[in-house]
Each structure stands twice: as structure tokens, then as C-alpha cells.
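[1] Compute the structure for the input listed below.
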Amino acid sequence: LDSLKTITRDPKIIFLGLSQAFFEGGVYSFVFMWVPSLMAALDGPLPTGLVFSSLMLAMTIGGILFGLILPLFPNGPEGLAVFIYLTAAAAMLVPLYNFSFWWVYISFIVLEAMVGMFNSCGGMLRSKYYPEGQHSSIMSVFRLPLNLLVVIGTKLTKNTNEI
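    Sure, this is the predicted structure:
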């Protein structure tokens, strides 16, 4: 109950929690769809282990890049978060316009790099805006919209073959 009071009193906490829930919801939906998407874009067998390894490497590189590029953003982690969200959104638009394997694969690599940056950036923002003793309870509140997005996104994936 204390966490709900804290959330409703501070719009910064609401916006941070919702923005992170929406981003993570999109990423979790991506987790369900990357294999079918790349298989549809490729005329042959998909080396899923190799692709998965490269996606995890991109996420690791994104986490490393976070510390290197954070000083370049005058608004600090808030400015970098906007860059991360916009870059990830642009990466996910690529398959809508060019569904050839390499374009889709590279856009997925970019998305995963943004996920790596997001993890570091999100932790920094939560430590800045969430009260010390309420981190986990506040994060739990924002799991509801996150899980709703994942359920809706997963449900919508069954319709992708009908398009």
C-alpha cells in the first residue's frame, strides 16, 4: 500500500515505471517472435544457436557502451533513455519496410544492444527516482501493465500468419 501511495504522489515514478514496463513488454514479445520472424525472412535453415549467441553478445556490448556514451548526454540517464527508446523503436520498424534476412537480423542486433543499455540505464534511473526501501514493491506494481502487454503481444502473434 505504501508503494501505491508513493507512485501516485510522484509523476516521475509513474512515467519511469510505465516507460520501463512498456519497453520490457515489447522486448518480451520480441523474445517470442525472433525465431519465427528470422525463419520467415530466410530461405533455408536458421542457425538459431549462432543467432541467439550474437543477440546476447549485442546485449552485452550495449551494456558496456552505456558507460562509455552516458557522459555524451547532457541530461544524463534521462536523455540516454530517450535515445534508447527511440533507437529501439526505429530498429523494430525496419522489418515493416524491408523484410530481407540481413535487414531484419541487423535490426534485431540493434534492438538487443539497446536492451543492454536499457538494463544499465533503467537501474540507474530507478535508483535515482524510487525511494530506497521501496524499489522492489514499486517495481512489482509495474509488473501488471508489463504482464498485460506480454499476454496481449503473445496472443496477437497467432494472428501473424493470417497477414
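[2] make it CA atoms for all contacts and neighbour counts henceforth
    Fine.
[3] any residues touching the one helix or strand in the chain whose mean pLDDT sits lowest, and which ones?
    Every helix and strand of the chain was ranked by mean pLDDT, DSSP states H and E. The lowest is helix 143-157, at a mean of 82. Under the criterion Cα atoms under 8 Å, 6 or more residues apart in numbering, residues 18, 21, 22, 24, 25, 26, 28, 29, 32, 33 lie in contact with helix 143-157.
[4] What subset of those is buried?
    18, 21, 22, 24, 25, 26, 28, 29 (16 or more other Cα atoms under 10 Å).
[5] How about the contacts made by residue 101?
    Residue 101 neighbours (Cα under 8 Å, 6+ apart): 38, 41, 42.
[6] Count the residues that sit near the last one.
    Just to be clear, that refers to residue 42. Residue 42: 16 surrounding residues under other Cα atoms under 10 Å.
[7] likewise the first one?
    When neighbours are defined as other Cα under 10 Å, residue 38 has 22 of them.
[8] my guess is it contacts residue 44, does it?
    No. Under the criterion of Cα atoms under 8 Å, residue 38 is not in contact with residue 44, lying 10.3 Å apart.
[9] Point out where the protein drops to low pLDDT.
    In the prediction, the chain carries residues with pLDDT under 70 at positions 158-163.
[10] outside of the helix or strand encompassing residue 53, which residues touch it?
    For residue 53, the element it lies in under DSSP states H and E is helix 48-69. Outside helix 48-69, the residues that touch it by Cα under 8 Å, 6+ apart are 35, 108-110, 112-121.
[11] Which strands and helices lie in contact with the next helix or strand along the chain from that helix?
    For helix 48-69, the following helix or strand on the C-terminal side (DSSP H and E) is helix 77-97. Helices and strands touching helix 77-97, by 3 or more Cα pairs under 8 Å, 6 or more residues apart in numbering; DSSP states H and E, are helix 101-129.
[12] The helix it packs on: which residues count as buried?
    Buried residues in helix 101-129, counted by 16+ other Cα under 10 Å: 101, 103-105, 107-122, 125-126.
[13] ok, now stretch 132-144?
    Of the residues in stretch 132-144, 138, 139, 142, 143 count as buried by neighbour count, 16+ other Cα under 10 Å.
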